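here is my input, please return the structure:
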Amino acid sequence: MTRIHPSAVVDRSANLAGDVEIGAFTVVGPAVAIGPGTIVAPHVVIDGRTTIGARNRIFPFASIGLASQDRKYQGEPVTTTIGDDNVIREYVSIHAGTAQDRADTAIGDGNWFLAYTHVAHDCVVGNHTTWSNNAQIAGHVKVGDWAVLGAYAGVHQFCRIGEHAMLAAGAIVLQDVPPYTMVQGYPAVPKGTNSEGLKRRGFTPAQILAIRRAYKAVYREGLALDDARARIERDANDEPVLAPLAAFLAVPGRGIVR
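Just a heads-up that it's a prediction; the model follows:
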């Protein structure tokens, strides 16, 4: 049975699974759908055309699905979509999409958003990412699986953060960060591969060595980017772990951090 605190304001049109918990003074809008096992703490606001999956934990003062901070947004029907098993801590804000782009802000499964983190309009966040306190991304950003955003990291609009990349605390990212890469500084520059994170996730020594060699091809050997990418594509035939890096580099985007 759904447990809704008497002080919560939940629109009758909201679609809540049978075991959802809604805390005191929380507000849930009419076009919201929340999946089974999700727990919403007191003082949360969930509005707009927002769909939240199963077993999420949403902490006090989070704000999800509200209109974007974009001057172009004029009230068009846009959405926010959140998967399963996410942790959304205090004062996190996740804004809906805009009609000028995807019209949806999408978040996958198993992500951890620590206090005061922000996901802007039309962003796409993969699975199992970790966001330290105050990490924030601007609109239209794409964040790959298992990426780590350090405290106070900031990402410019339209940038891409590759899978298993790591942004150090305070990094200001103005260009794309390739998979497996660790960046630091303002503006953020590459500082090596995220080897420790890869070890924790079960990558073999041979895979990590292949990633390091690919990193050197991009950043240490003085090759043109197209030549480095061509080498990585060839090496990916024997080391499939390099395929995501080759695919990432094949997309021009905003250019990669250098």
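
so what's the model's average confidence on stretch 98-108?
Throughout stretch 98-108, pLDDT has a mean value of 96.

any buried residues in it, and which?
Neighbour-count burial for stretch 98-108, counted by 16 or more other CB atoms under 10 Å, picks out Thr98, Gln100, Asp101, Arg102, Ala103, Asp104, Thr105, Ala106, Ile107, Gly108. C-beta coordinates here come from the backbone N, C-alpha and C atoms, glycine included.

got a list of contacts for that stretch?
68, 70, 72-74, 76-83, 86, 94-97, 119-128, 139-140, 145 (CB atoms under 8 Å, 6 or more residues apart in numbering).

hang on, the earlier thing: so which of the buried residues of stretch 98-108 sit within helices?
If you go by DSSP state H, the buried residues of stretch 98-108 have nothing in helices.

which of these sit farthest apart?
Gln100 and Gly108 (23.0 Å; CB to CB).

got the contact list for Asn15?
Val32, Ala33, Ile34.

just give me the neighbour total for Thr81.
19 (other CB atoms under 10 Å).

likewise for Gly75?
Gly75 has 7 nearby residues by other CB under 10 Å.

kindly report the same for Val251.
8.

give me the subset of the contacts of Asn15 that lies in strands.
Judged by DSSP state E, the contacts of Asn15 include Ala33, Ile34 as members of strands.

just put the contacts of Asn15 in a markdown table and tack on neighbour count.
Listed next are the contacts of Asn15 as a markdown table, based on neighbours: other CB atoms under 10 Å:
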| residue | neighbour count |
| --- | --- |
| Val32 | 23 |
| Ala33 | 16 |
| Ile34 | 27 |
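
okay, the contacts of Asn15 in TSV with pLDDT and distance to Ala250 next?
Converted to TSV, the contacts of Asn15 look like this (pLDDT from 0 to 100; distance: CB to CB, whole Å):
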residue	pLDDT	distance to Ala250
Val32	98	38
Ala33	98	36
Ile34	98	38
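
quick one: which of the contacts of Asn15 is nearest Arg234?
For the contacts of Asn15, the nearest to Arg234 is Ala33 (46.5 Å; CB to CB).
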